[in-house]
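Asker: For reference, the sequence and a predicted model appear below.
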Amino acid sequence: MTTKILIAGDGGQGVQTIAEIIGQAVFQNGKFVSIIPNYGLEQRGGVSLSYLKISDEKIVYPKFQTPDVLVLLSEQANSRTEAYQKKGVKIFYAKNYQELLSKEGLSPISLNLFFLGFLTQFLGEKILKVKEVEKLLSAKFSQKPNWPQNLKVFKIGLKVN
Amino acid sequence: MQIQPAKFCPGCGHPIVLLMLKKVLEEKGLLKKAVLGLDIGCSLLGWNFLPIHTFQTHHGRVTPTMLGFKRAKKDMLCFGLSGDGGAYAIGWQSLFHAARRDEPVTVIVVNNTVYGMTGGQVGPTGIKDLSVKPVCGPELLRDVVNEKAYLARTAVNDPKQMQEFLSKAIDAQLNGHFSLIEFLSFCPTNWKTKGIETTQYLDERLRTVFKVGEI
Amino acid sequence: MQACHDAGAKMMYGYPITPSSEILENWQKTKGKCLQTEDEIAAGFAVAGGALAGEKVFSATSGPGHILMQDAMVMAEAMRIPMVLIVAQRGGPSSGTVIYSQQEVTLACYGGNGEGFRLVYSPASLEELYTLTRRAFNEAWQYRLPAVVLTDGYALKAQGIFTKPKIQKKNIGAKSLFGTAEPVHVPNIFATEEELNTKLKEIQGDYCKAKSKVETYYEVGLKEAEVLVIAHGTVGASAEAAVLKLRKENKKVGLFRPVTLRPFPSARLNKVVSTKKWKKIVIIESSYGQLARLVHDELKVKNLPEILYLQKPGLGIEPEEIEDYIKKIK
């Protein structure tokens, strides 16, 4: 069984951060995982992509042409990944969750953490454990400002169907 | 076939500098600890000329090679021999930054204002057309080096000063600092001078543009 | 980086360039002595200087920086300096992309004004990246030749599960040429053609002696195969995934993957190609033929089968693409 996830957003939105957390959590769960980042030239503002491959068997080649899941955090990411938006790919676009986040009074800056929770729930316990993701999230963010809001966004993502 | 060292032109300043270096090292008892890197130009002829370790490098690249050598073997005395072209044109960037970083090597620049080995083309220290300023290496470096770095200029027809400056440059390296000595030098082959004309050219032309002394 | 450390490297010189900058940053933070120079020219010569002095030193670079390193690399070829270079191929020519390619093969193997007296390794996995870097240091110092670990931006940025392979062989020690009482003199320029020619014959002789010990290849599925795929590095890994999948579907395809590009495993390649009547040979790479050029150089077999080329300069080549391509072959 192999799962291929492509996460795309603007540089600075934290795509690589959540990809790393997911990757670590998958690894802790005993599965094979590979992560390849891909970004534009600018330090800020370009597109940031992360290719995640999760497998029960050793991964020979980390990149893929067709993801199983495509997560889009921005309009720019949407246009950049047109080639990946084929039939059968499950696409989750941040635009569609804007309302939910504003209803809860949460800023779009934490979109990445929303999707971290979202993906954690979507992938399921077989692939990664919620507790592990929370632990990694806490290790990275609990000492930074806005931790309570960040944790809240993550938990909201977890609960989305 | 045995590899044979080539020979300097008659009247060249390089062997004067090299033999003085040997003398000073011997007096300090440091001959066996010395290693000499050579630029490619007339400097390359210094290969196998003295009884100290020598190796050739590339044109303009002797300073970075010697700093790498020194960082690996701090107990050896590292010298880089270069002409004015190798030091102040193609090699200026790496010389500038090595000096700025206070790399504890000693750079010896033999300045005869021309690219000798390729037939006498004007170098960065050319004095024929002074509307373009010649590079005064030690002066330019003074602004960016550590205050304990040793920078000086002398001439190959002043043995007493050569000896004094070389000794101080070596001391600077022993104390962990950068040192550079520029030697105003002869090139009768490309200057097309004979006998006394050569010394005159250095004394009357070079010395007026390039000031000797500690910088 | 871990491999360099385990190999006994003490010092790194470098200049930031994507996608190899992380090696410089991380080495500085965790492993050892480091100097960021003003450009790759200085870095290359500082590495040469350190190696001359008898210390294991290395640098890491890519694309435009890799070009500047050739100045020091040819000096290392001429003077038998064991400098080690990690090259992360990125798109070319010129500034290209900061991401990936296989377009620096010619540069790594034959860059500069020399005859290519170098050792070039092409890893196809994280494990190989480790083991080949360890080998690069050992073999550079054993045979006194400059060595290049030729990887790419995908491989260097990829994170994955990695079990450090156990290396049985002890590290070869580093020796200075100048530790003796008698002065040593090492030139790189000669007064006559004959002197140079004599020196080159000597280096060539040593290179040939090293060849049989160093050349390495990897094969899969050749016995039953009718189509032979040749690919290296990251594309080699992709090709392997494709070949394994196709074999499960009973397709008769196999892979020959050179692990060293210099010296190229020519004896084995020629044996593989001449031992049976191949339907087709397919050379796959992320460049316009830099691997193909090496293969053609080494192939001495008469009556070759048709050779096909899947070339995507600067683009990654996925296993699915390779599978589709092979399936379409008549």
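Answerer: Yep, that arrived. Numbers count the residues shown, from 1 in each chain, chains lettered A, B, ... in the order given.
Asker: and chain A, which residues reach chain C?
Answerer: Along chain A, the residues adjacent to chain C under the rule C-beta under 8 Å from any C-beta of the partner chain are A:20, A:23, A:27, A:32-38, A:41, A:58-66. For glycine as for every other residue, the C-beta is placed from the backbone atoms N, C-alpha and C.
Asker: From these, keep the buried residues only.
Answerer: By the neighbour-count criterion of 16 or more other C-beta atoms under 10 Å in any protein chain shown, these include these buried positions: A:20, A:23, A:27, A:32-38, A:59-64.
Asker: Which parts of chain C belong to which domain?
Answerer: Here the domain assignment for chain C is C:2-214, C:217-327, based on automatic domain parsing.
Asker: winner for burial among these?
Answerer: For the domains of chain C, the largest average neighbour count (mean count of other C-beta atoms under 10 Å in any protein chain shown) is found in domain C:2-214, namely a mean of 21.
Asker: average model confidence for that domain?
Answerer: What domain C:2-214 shows for mean pLDDT is 93.
Asker: Need the domains of chain C in CSV (columns: distance to chain B).
Answerer: CSV is the format used below for the domains of chain C (distance: least, C-beta to the nearest C-beta, whole Å):
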stretch, distance to chain B
domain C:2-214, 3
domain C:217-327, 22
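Asker: In CSV, list those along with distance to B:V105.
Answerer: Output for these, formatted as CSV (distance: least, C-beta to C-beta, whole Å):
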stretch, distance to B:V105
domain C:2-214, 10
domain C:217-327, 33
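Asker: from the middle of its chain, how far away would stretch C:115-124 be?
Answerer: Relative to the chain's own centre, stretch C:115-124 is displaced by 4 Å; criterion: C-alpha atoms, centre = their mean, to the nearest Å.
Asker: Ok, stretch B:90-97 next?
Answerer: Taking mean C-alpha positions (C-alpha atoms, centre = their mean), stretch B:90-97 and its chain are 14 Å apart.
Asker: Likewise for stretch C:170-187?
Answerer: Averaging C-alpha positions (C-alpha atoms, centre = their mean) puts stretch C:170-187 26 Å from its chain's average.
Asker: what does stretch A:106-116 give?
Answerer: Worked out by C-alpha atoms, centre = their mean, stretch A:106-116 lies 10 Å from the chain centre.
Asker: List the contacts of it.
Answerer: When contacts are taken as C-beta atoms under 8 Å, 6 or more residues apart in numbering or on different chains, the neighbours of stretch A:106-116 outside the stretch itself are A:7, A:9, A:13-15, A:17-18, A:21-22, A:71, A:73, A:92, A:94, A:97-98, A:101, A:133, A:137, A:141, A:146, A:149-150, A:152-154, A:156-157.
Asker: Only the buried residues of that stretch, if you could.
Answerer: A:106, A:110-116.
Asker: so how far does that stretch reach from one end to the other?
Answerer: Criterion C-alpha to C-alpha, to the nearest Å; first-to-last residue distance in stretch A:106-116 is 15 Å.
Asker: same question for it, mean pLDDT?
Answerer: Summarised as a single mean, pLDDT over stretch A:106-116 is 88.
Asker: remind me which residues of chain B are low pLDDT?
Answerer: Using pLDDT under 70 as the threshold, the predicted model of chain B has low-confidence ranges B:1-6.
Asker: just chain A next, same as before
Answerer: For chain A, no stretch is flagged by pLDDT under 70.
Asker: In it, what residue lies closest to chain B?
Answerer: Per C-beta to the nearest C-beta, A:Q43 is where chain A lies closest to chain B, at 24.8 Å.
Asker: I'd say that residue and A:G11 touch.
Answerer: Yes. The pair A:Q43 and A:G11 qualifies as a contact (C-beta atoms under 8 Å) at a distance of 7.2 Å.
Asker: the more surrounded of the two?
Answerer: Looking at A:Q43 and A:G11 with other C-beta atoms under 10 Å in any protein chain shown, you find the greater number of neighbours at A:G11, namely 19 against 9.
Asker: give me every residue that touches that one.
Answerer: With contacts taken as C-beta under 8 Å, 6+ apart, A:G11 has the following neighbours: A:39-40, A:42-48.
Asker: Show me the strands in the chain, by range?
Answerer: I went with chain A, as the question did not name one. Along chain A, counting by DSSP state E, strands occupy A:2-10, A:32-39, A:47-55, A:69-72, A:90-93.
Asker: My question was about chain C, not that one.
Answerer: Listed in chain order, the strands of chain C (DSSP E) span residues C:11-14, C:33-36, C:57-61, C:84-89, C:119-121, C:147-152, C:159-160, C:185-186, C:217-220, C:227-230, C:253-258, C:260-262, C:280-285, C:306-311.
Asker: Also chain B?
Answerer: With DSSP E as the criterion, chain B has strands spanning B:34-38, B:53-56, B:77-83, B:106-111, B:114-115, B:121-122, B:150-155, B:179-184, B:213-214.
Asker: For the stretch 101-250 of chain C, what lies in contact range of chain A?
Answerer: Contacts of the stretch 101-250 of chain C with chain A, taken as C-beta under 8 Å from any C-beta, map to C:125, C:154, C:157-161, C:234, C:237-238, C:240-241, C:244.
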